[in-house]
Every structure is written in structure tokens, then in C-alpha cells.
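# Structure for this input, please:
(one chain, ligands or ions: 1)
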Amino acid sequence: MVRCPDFVRSSRDEIDDQLRLVQLAELAAPTEETVRCLCSGKRTGMNKAREVLASFKARFGTGASVYRAPGRVNLIGEHTDYNEGFVLPSAIGFSCWVGIAPRNDRKLALYSGNLGEGREADLDDLENRGSGHWSDYPIGVAWALQEAGYRLRGADLYISGDVPLGAGLSSSAAIEVSTGYALLSVAGHAIDRTKLALLCQRAENEFVGMRCGIMDQFVSCHGRAGHALMIDCRSLEYRLLRLPPQLRLVICNTMVKHKLQAGGEYNVRRAECEEAVRKLSAALPQIRSLRDVTLEQLTQNRNLLSDTLYRRCRHIISENKRVQDVAELFEEGQVDGLRVLMAASHESMRDDYEISCRELDVMVEIAGRQRGVYGARMTGGGFGGCTINFVDAEHAGEFQSRVSAEYEAAIGLPPDVYICEASQGAELVETAAENLPKVTR
Ligand code: GLA
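Residues are numbered from 1 along each chain as shown. Below you'll find the predicted structure:
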């Protein structure tokens, strides 16, 4: 099926907009609990599960099981996943929760707690592409699971999330994985987490129309508290790396998303990488992706590429090496070399891959001046969204207030700054009376 990715992707932005308005309204009147625990993951679990259960009962009149899947922050390794390279993300304490109970027919009755809106779908008559509605994510996952041969069961679903939208923290992976986990469980299927991640990626690639890599869904499935995941996006093997205990992952949200660029440029970058591989193959027939090319080979074959393609390749190849270097530092419990690697990653995205923007550059520059910072860079797809900062636990509070004030003075917008800990991947939070089978790790 041939589709126009830009069109479909801009529908995704519209979905984000609808949902973001609701989140902003919630954030405008935060409770003490929200402020205290916003990103530490401590608000997750029982409180939220109880809230979802109560809302489920009010809506559908029965008990439910509750599943949760987190958003993520990528520590380093940007746009390397779809080049079969390496990435190093952590799951974070913002999540999507799904309350679910089986029905006796073949319908999915979906209700978004964020939007206060419902949608129904017939499992025997699912479309094979989205329509730019928020329900594209859960319905796309149902579609991908059934396409892969999992016969699903009709169910009522209540969906509610707190992953900031349009911020590059993978609210879409969180809704996909939590829904997929819930739908499989209620239909009595066991599935391993890597397979679940791949099917959620397929839903996003083919149903929503965003040609994302595997990173977001993978870490939402496999994330571990206190750890980063070093993922080999070719073999899908991963290593859990314990984060140095004195480090806090501080995420600074620029509060901007340059939609026109973010809308189409992601897929354009991906197409550029594919074109570069085709061109380089003339001299390097053994390569399958940029993962297989060394910097030396790239330099030797520069004449095969335009300047733009050359710089795109240089980012991917050098970024893969930086991921491995950061992983090595974490393995040794070191933090000292982080600053240089994070700065090089940011510069490479700004100058070679051209996915940064003024707000991200200013945020990184401000962060670099603060005490207790071990490194800062933009994170996620680019053109706005967030930066990731490694900050000494002792200085994290001071970092938060200073960066907020300095960014607002420079850009004229108050940013959100979240002090995070790496958290656990998808899980069953609450089981309904009948004991449902679980997804295996
Ligand atoms: C988005 C995509 C990921 C990855 C990042 C960039 O988050 O969903 O697959 O490509 O951008 O690293």
C-alpha cells in the first residue's frame, strides 16, 4: 500500500494537539501529589491503578485489570535505530494506563480518560490504516496483533496517560504497548516482550504512518528501574546497564515543536539514509545499512555522496560509536567522560543531521553552564521537544530552578523540567477477579 507519510504524520500531530489541550488543563491546576511525583515514577502503580479502576467502573459498570507501559528518554543514540545501530534509552515514570475487561461480542469499546471521548471498533472489520484520530494507536495495535495471527477478544478499554505529548518522550509507544499487553492478556495469549514491541512498531509504521525505529516500543516493553538499555537494533539483543547512583536524568522540555519540520523531516532523514546506503553499495557491496560502514570507508567514498548525504552518514556512524562509549562508561560506573560525548552528540545532530532548533540549542547551552552537570544534549526525533541532562543528585534541584529561569529569560517561554529516575517497563498493575495470563519477559 502506498501512502503519503507526511499527511499521515501530520494527523499524528493533530492527535497530539487534541490530547495536549487536556493535559495543559490538568497541569494548570496540579495537585501537590502531581508536582511532587511527576516524573519519579512514584505516582505510578497503585494510586493511578485505583483511579483507572474507579473510572472504568463508572464508565463500563464492571471491574477490570489494569496494565501500564512507560514513555522513555533516550540517553544517547539518535536516529541510529532505523539504521540497525545502537541506542541507549531508559523508561521513565510517565506512563499510559489501560483498564480492560472482556466483552461477549467482537467489539472493542475504547474510552480516553484524557479526552473524555469514546470510540468503538469491530475486531472482524478493522480498517488497515488510521484516520488521524487518537484511537489509531490502540486500534492500530489490535490490527497488527490480528495480522500476526493473534485472535483477539472483544473488550472494554479505559485509557489514561500522563506522558507529555509532542515532547519526544514516546507517549505513542506508551499507549501502544499498554494496549497491546492488555489485549493479548484478555484474549489469553502469551507473547514475549520483543515480539510485542515489534508488533507495536508495525502498528505505528503501517497503521499510523510514522516510519519510526524500534527503540521506543522496545524500551517501553523491556525497561528496568535504575537502568538504561543498550539495544542492538539489528539483532534486538540488549544489555541492562545500571546507571551510576549519583546521576539524575533531568529532562528539560523546551515546550516547542516545530511541526512543519517534525511532520515530514523524520521520514525524509530515514529516506536519506537509505539512499546513502544504495549509493555506497556501489563501492561497498557487503553493506546492508549504515551500521556496516566505518568512518574510514565513508571518507574514502565521499565522492559517491552529496554533501548532505555525507553529513547524514557521518552523524549515524559517529553516533553509533558514542553510544558504545557511553555504555562502556556506565559499565565501569564512570561519569567523567560523559560531557564530551554528549556535547559531540548534540553538535552532530545540530550540524550534520540538522534536527536541532534554536530552543534546543539554547537549552543545552544553558545546561552546560550549571553546577553538577555531566552532560547535556537534545533527545528524541528533534525539531523541538526535550533535552536530556545527566545531573548530580545533589545539584538537581538547583539545576531545575536555574535552567527554568534562564531559559524563560532567553526564549520567553517557561520550560518544564522533570527530575527522573529510570523506571520499569510494561506491567500488569492490577488483576481483575479472574486471573489472566501474563506476558512473559
Ligand atoms: C523517534 C522514533 C525512534 C527514534 C527516535 C530518534 O522517537 O520513534 O524510533 O528513531 O525518534 O532517535
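
# With adjacent residues omitted, what lies nearest to the closest residue to the ligand within the stretch 1-150 of the chain?
As assessed by CB to the nearest ligand atom, the ligand sits closest to Glu78 within the stretch 1-150 of the chain, at 4.0 Å. Every C-beta, even on glycine, is put in place using the N, C-alpha and C of the backbone. In space, Glu78 comes closest to Met349 once its chain neighbours are excluded; the distance is 5.9 Å by CB to CB, 6 or more residues apart in numbering.

# Just list the residues touching the one you found, thanks.
Going by CB atoms under 8 Å, 6 or more residues apart in numbering, Met349 touches Glu78, His315, Ile355, Ser356, Arg377, Met378, Gly382.

# same thing but 10 Å
Met349 makes contact with Glu78, His79, His315, Glu319, Ile355, Ser356, Leu360, Asp361, Arg377, Met378, Thr379, Gly382, according to CB atoms under 10 Å, 6 or more residues apart in numbering.

# Any figure for the gap between the residue nearest to Gly333 when sequence neighbours are not counted and Gln324?
Once flanking residues are discounted, Gly333 sits nearest to Pro244: 5.6 Å by CB to CB, 6+ apart. Distance of Pro244 to Gln324, given as CB to CB, to the nearest Å: 17 Å.

# Alongside the ligand, which residues does the stretch 1-150 of the chain contribute?
Contact residues, the stretch 1-150 of the chain versus the ligand (CB under 6 Å from any ligand atom): Asn74, Glu78, His79, Asp81, Tyr82.

# ok, 8 Å please
Asn74, Gly77, Glu78, His79, Thr80, Asp81, Tyr82, Val87 (CB under 8 Å from any ligand atom).

# can you tell me the helix or strand for the closest residue to Leu413 other than its chain neighbours?
Closest residue to Leu413 apart from its sequence neighbours, by CB to CB, 6+ apart: Met255 at 5.1 Å. Using DSSP states H and E, Met255 falls within strand 247-257.

# Convert that strand to PDB, retaining C-alpha atoms only.
Provided in PDB are the C-alpha atoms of strand 247-257 (Å, rounded to 0.1, in the frame of the first residue of the first chain):
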ATOM      1  CA  LEU A 247      23.100  10.600  38.400                       C
ATOM      2  CA  ARG A 248      19.700  12.000  37.900                       C
ATOM      3  CA  LEU A 249      18.200  12.100  34.400                       C
ATOM      4  CA  VAL A 250      16.900  15.600  34.100                       C
ATOM      5  CA  ILE A 251      14.600  16.200  31.200                       C
ATOM      6  CA  CYS A 252      14.100  19.800  30.000                       C
ATOM      7  CA  ASN A 253      11.100  20.400  27.800                       C
ATOM      8  CA  THR A 254      11.500  23.400  25.500                       C
ATOM      9  CA  MET A 255       7.700  23.400  25.100                       C
ATOM     10  CA  VAL A 256       8.100  23.900  21.400                       C
ATOM     11  CA  LYS A 257       7.600  21.500  18.500                       C
END
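
# wait, does that strand make contact with the ligand?
No: on the criterion CB under 8 Å from any ligand atom, strand 247-257 is out of touch with the ligand, staying 12.6 Å away.

# and the helix or strand where Leu110 lies, which strands flank it?
Using DSSP H and E, the element containing Leu110 is strand 107-112. Paired strands of strand 107-112, with direction, are strand 117-122 (antiparallel), strand 155-161 (parallel) (DSSP bridges).
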